[in-house]
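S.K.: with the sequence up front, the predicted model follows.
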Amino acid sequence: MNHAKIGRRTGKHGPKHVPASFVLLCTVPTLLLTVYFILVPTIRALVLSFTDATALSSGGDKFVGLENYRYMFTDETFLQAVGNSFRLMLVVPVFVLSLALVLAFLLVQGKLREKAFYRVVFFFPSIISLTVVGIIWSFVFHPTMGILNSLLDAVGFDALKLGWLGDARTALWCIAVTIVWQSAGYFMVMHIAAMDGISKDVYEAATIDGASMTGKLFCITLPLIKNVIGITYVLSLSGILNLSYILSKVMTGGGPNNASLTLLQYIYKQGMGNGNFGYAMAITVFTLVISVVLSGISQAMMNKDSRTR
């Protein structure tokens, strides 16, 4: 058996050589863009994190070593932002993936009509601009015009009415609910793809044995797609950092009293609001480390999944 070598392509009359100039033309622009827009800013941020750079300094930034990092872990506002972000990362993925799995299972194994229609409906929130999503849900939680308080009023639970986004007890969890609504459909599609890979014979045999829908979900589906669930869980964790930043900025502005302030929002506040570039870059490096670790875990799980197939 003949195998085409690297740098060659198989043609009608045998392997043909691919010019090295063509390979360079395809790869060099991508490499340059990656270096200029990813590697250089990352190095620049790392360097600035060891300085006292501010908006008023004009290139004469003083090297302060680890001072920004030491201050970071004594900054109460930073610790509150970290706590808020980690609370979202702890709770939201559980609800997102649970809802996504149930929806995916119903669309794959359920006897619903117009399944394609329901897929579009459930997936639609994930393609809406996050700014628009934040505005929509701000009206849902509005204290006087909001759907939630109007519904509570209609069913006689007036005592439960709150200024949801203006209450420190509920502001962060309103953002959590919004993230669940926005991203569940996205992960539903991933789980549908995984479930479609399960042989129908397995489900037919389970049906003959009298298995219920719940039994099929917990005894067949979940064990067979557990690697995919692990991957989507890690992806959900990393996605929360970005989603919570935009939604918090639109819906609450980080308030009240920093109750819904998130990591990325605090970076923006320190860098663009207060002009503390050195300190903002130190927080950026901290956040980058978290993102890299999550990306590494996700990649390792995907490699493991591909090897087990």
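M.R.: Alright, I've got the coordinates.
S.K.: would you map out the domains in this protein?
M.R.: 8-48, 67-308 (automatic domain parsing).
S.K.: ranking these by burial, who's on top?
M.R.: domain 67-308 (a mean of 17; mean count of other Cβ atoms under 10 Å). The C-beta positions use only the backbone N, C-alpha and C, and glycine is treated the same way.
S.K.: avg pLDDT for that one?
M.R.: Domain 67-308 carries an average pLDDT of 91.
S.K.: so how far is it from its chain's centroid?
M.R.: With Cα atoms, centre = their mean, to the nearest Å as the basis, domain 67-308 stands 7 Å off its chain's centre.
S.K.: if we can go back for a sec, out of the domains of the chain, which comes closest to L56?
M.R.: domain 67-308 (6.8 Å; Cβ to Cβ).
S.K.: same list, the domains of the chain, but as a markdown table with distance to A55 please.
M.R.: Listed next are these as a markdown table, based on distance: least, Cβ to Cβ, whole Å:
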| stretch | distance to A55 |
| --- | --- |
| domain 8-48 | 12 |
| domain 67-308 | 3 |
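S.K.: and these: which comes nearest T54?
M.R.: domain 67-308 (5.1 Å).
S.K.: need the three-state assignment for L261.
M.R.: coil (DSSP: H, G, I helix; E, B strand; the rest coil).
S.K.: no no, H142
M.R.: Applying three-state DSSP: H142 is coil.
S.K.: grab the nearest non-local neighbour of it.
M.R.: N149 (7.5 Å; Cβ to Cβ, 6 or more residues apart in numbering).
S.K.: do the same with F187
M.R.: Excluding the flanking residues, the one nearest F187 by Cβ to Cβ, 6+ apart is A100, at 3.9 Å.
S.K.: isn't the one you found right up against G185?
M.R.: Yes: taking Cβ atoms under 8 Å as the definition, A100 is a contact partner of G185 at 7.5 Å.
S.K.: where along this structure do the helices fall?
M.R.: Here the chain has its helices, by DSSP state H, at 20-34, 40-48, 67-72, 76-109, 115-123, 130-140, 147-154, 171-196, 200-208, 213-216, 222-224, 226-251, 263-268, 277-308.
S.K.: other SSEs contacting the longest one?
M.R.: Using 3 or more Cβ pairs under 8 Å, 6 or more residues apart in numbering; DSSP states H and E as the contact criterion, the elements in contact with helix 76-109 are helix 115-123, helix 171-196, helix 213-216, helix 226-251, helix 263-268.
S.K.: got the contact list for P125?
M.R.: Counting by Cβ atoms under 8 Å, 6 or more residues apart in numbering, P125 makes contact with V133, W181, Q182, S183, A184, G185.
S.K.: and if we set it to 7 Å?
M.R.: Applying Cβ atoms under 7 Å, 6 or more residues apart in numbering to P125 gives the contacts V133, W181, Q182, G185.
S.K.: residue contacts, the residue positioned nearest the centre of the chain?
M.R.: The centroid of the chain falls nearest to G239 when counting by Cα atoms, centre = their mean (1.1 Å). G239 makes contacts with S183, as judged by Cβ under 7 Å, 6+ apart.
S.K.: try V82
M.R.: L263.
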